[in-house]
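Chemist: Turn this into a model:
(chains A and B)
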Amino acid sequence: MSEELKCIKEEIFLRVKRVVKAQPNQTLLLSDLAEVITNKELQDQLEQVKVKEVTKKAGQSMIITALEIIRAIKINFPQAGIEHLGEADVIVDIEDTPQRNLTDNQPSKLYVFAIGVILFFGAAMAIMNFHADVSMVKVHQQIYKLIMGKSKENPLLLNIPYSIGLGFGMIIFFNKIYKYKFNKDDPSPLEIEMYLYKNKVNQFSLHQKTELAKKSDQ
Amino acid sequence: MKAILLILIGFSEGVIVGVALVAFLMVLDVIPRLIDLSNSENSIFLYQKLIVLGSIFGVITDFFNLTLPNIFFINKLLVVLIGLIFGIFIGLVAAALTETLKVLPLLSKRLGLKDYMDELLFIIILGKVIGSLIYWLFPRLWFLG
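Modeler: Numbering: from 1, shown residues only, chains lettered A, B, ... in the order given. Below is the predicted model of the structure:
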């Protein structure tokens, strides 16, 4: 009976990561490049499998295909059945020292203030130009005449609530004002836009780096 | 004969302008966002009818000089209310335009101001409100002479 237990094929589920950062001369272990799930006894052993050494210099990129990873696994676990989920290649960015945490220092207050001033006046001018563009003056005068019966050149009673409503409308659309959200679990359009933009940038840089790495491999 | 031509031109003009108006509202995702916020997907048909009715009411108001009868203070209240509603709608449209929606994430990522995005959004909204107020309070800005 115990002999049969030893002959059970191990099943390994492999989910390859998309982008990985590494340092020059680092030995890449399996746990750096992919997520693996297997029987409990083999999990630690599997994660320590060496796949490849970083041979390139900082600033370059390396591509490791899933096949190389699988080959490394097969060397150590010849009986294993491997299920592959996820990407087919890993892009390894080679960076010097982990200076990421230090370079992201806070932008200076003056900088933020200048940006804020530009945005404030820019938004004001944009709305003023929009009003002049669609000749909102005439429409307001018409509506005022419709309801009040008299015509007035500057219907302030209509205009001031309109301006306040303008602010409300934008707040309703974005669903958050100064970190306070009204409907807690609703993703704001701003967050959706950031996510889409980040995705686009990531996809493009992935494509670029694949091209670059393929060229330098030739 | 000229009457038939006029009728034809007017009708086609109306069709195209109507389609353009609805397409404008659709493209900006304003109405889907409102429906999402209020969880009222069942009332979509009601909203459709209301948009059509509202547009027709707008046309009538534009072309015929109607006036409401003078019922003391309700008139002023109605004016304030309609001004508020009008502003809310334009605010929704203005927020959905590319100039606000896509500029902010792009700017904040490009200039490294991700943490300040909430404050910047508030500044933009405040700028628009104050800009609108200034526009109305100083007639010289739009008085065409």
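Chemist: Export the worst-scoring helix or strand of chain B on mean pLDDT to CSV, keeping only CA atoms.
Modeler: Ranked by mean pLDDT, DSSP states H and E, the weakest helix or strand in chain B is helix B:98-101, scoring a mean of 73. Output of helix B:98-101 as CSV, limited to C-alpha atoms (Å, rounded to 0.1, in the frame of the first residue of the first chain):
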residue,chain,number,x,y,z
THR,B,98,-13.2,64.3,-21.5
GLU,B,99,-11.7,67.6,-20.4
THR,B,100,-12.4,66.7,-16.8
LEU,B,101,-12.7,63.0,-16.7
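Chemist: Could you list the residues in contact with that helix?
Modeler: The set of residues external to helix B:98-101 that reach it, using CB atoms under 8 Å, 6 or more residues apart in numbering or on different chains, is A:123, A:126, A:170, A:189-190, A:193, B:94-95, B:124. The way it works is simple: take the backbone N, C-alpha and C, and place the C-beta from them, glycine included.
Chemist: ditto for stretch A:73-87
Modeler: By CB under 8 Å, 6+ apart, stretch A:73-87 touches A:9-18, A:30, A:34, A:38, A:42, A:45-46, A:49, A:66, A:70.
Chemist: re earlier: top of the contacts of helix B:98-101 by neighbour count?
Modeler: Using other CB atoms under 10 Å in any protein chain shown as the neighbour test, those are led by A:M170, with 28 neighbours.
Chemist: Just confirm A:E35 contacts A:K17, I think it does.
Modeler: Yes. A:E35 lies in contact with A:K17 (CB atoms under 8 Å); the separation is 7.2 Å.
Chemist: re the thing from before, of the contacts of helix B:98-101, just say which sits nearest to B:L111.
Modeler: B:L111 has its nearest neighbour among the contacts of helix B:98-101 in B:I124, at 14.6 Å by CB to CB.
Chemist: Was I right to think the closest one contacts A:M125?
Modeler: No. At 11.9 Å, B:I124 does not count as touching A:M125 under the criterion of CB under 8 Å.
Chemist: Go ahead and measure how far the host helix or strand of A:L190 is from the middle of the chain.
Modeler: Applying DSSP states H and E as the criterion places A:L190 in helix A:189-217. Relative to the centre of its chain, helix A:189-217 is centred 9 Å away, using CA atoms, centre = their mean, to the nearest Å.
Chemist: Now it: buried residues?
Modeler: Neighbour counts over helix A:189-217 (16 or more other CB atoms under 10 Å in any protein chain shown) mark A:189-190, A:193-194, A:209, A:213 as buried.
Chemist: got it, and stretch B:99-116?
Modeler: Buried-residue list, stretch B:99-116, by 16+ other CB under 10 Å: B:100-102, B:104-105, B:107-108, B:113, B:116.
Chemist: again, but for stretch B:24-44
Modeler: So, applying 16+ other CB under 10 Å, buried residues of stretch B:24-44: B:25, B:28, B:30-31, B:33.
Chemist: Provide the contact partners of that stretch at residue level.
Modeler: Contact with stretch B:24-44 is made by A:172-173, A:175, A:183, A:186, A:189, B:47, B:51, B:92-93, B:96-97, as judged by CB under 8 Å, 6+ apart.
Chemist: And those residues, which is closest to A:I94?
Modeler: With CB to CB as the yardstick, the closest approach to A:I94 among the contacts of stretch B:24-44 comes from A:P189, at 37.0 Å.
Chemist: Helices - which of the buried residues of stretch B:24-44 land there?
Modeler: Of these, the ones assigned to helices by DSSP state H are B:25, B:30-31, B:33.
Chemist: sorry, back to before: for ChimeraX, write the select line for the buried members of the contacts of stretch A:73-87.
Modeler: Buried subset of the contacts of stretch A:73-87, written as a ChimeraX selection, criterion 16+ other CB under 10 Å:
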select /A:12,14,16,30,34,38,46,49,66,70
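Chemist: now, which of the contacts of stretch A:73-87 lie close to chain B?
Modeler: Among the contacts of stretch A:73-87, no residue sits close to chain B (CB under 8 Å from any CB of the partner chain).
Chemist: Sitting in strands, which of the contacts of stretch A:73-87 do you find?
Modeler: If you go by DSSP state E, those have A:11-16, A:34 in strands.
Chemist: where does chain B dip in pLDDT?
Modeler: Scanning chain B for pLDDT under 70 picks out B:141-145.
Chemist: And the helices in it, which stretches?
Modeler: Under DSSP H, chain B gives helices at B:2-27, B:30-38, B:44-63, B:72-96, B:98-101, B:103-110, B:117-137.
Chemist: how about stretch A:63-82: buried residues?
Modeler: Buried residues in stretch A:63-82 (16+ other CB under 10 Å): A:63-64, A:66, A:69-70, A:72-73, A:77, A:80, A:82.
Chemist: Domain map for chain A?
Modeler: A:2-101, A:115-168, A:175-218 (automatic domain parsing).
Chemist: Can I get these in JSON lines including mean pLDDT?
Modeler: JSON lines is the format used below for these (pLDDT from 0 to 100):
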{"stretch": "domain A:2-101", "mean pLDDT": "74"}
{"stretch": "domain A:115-168", "mean pLDDT": "86"}
{"stretch": "domain A:175-218", "mean pLDDT": "75"}
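Chemist: Can you redo the ones you listed as TSV, where the extra columns are distance to B:G87?
Modeler: Compiled in TSV, these are given as follows (distance: least, CB to CB, whole Å):
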stretch	distance to B:G87
domain A:2-101	45
domain A:115-168	2
domain A:175-218	16
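Chemist: Of those domains, give the one that comes closest to B:F72.
Modeler: The closest of those to B:F72 is domain A:115-168. By CB to CB, the value is 11.3 Å.
Chemist: Stretch B:21-32 spans what distance, first to last residue?
Modeler: Its first and final residues considered, stretch B:21-32 spans 15 Å by CA to CA, to the nearest Å.
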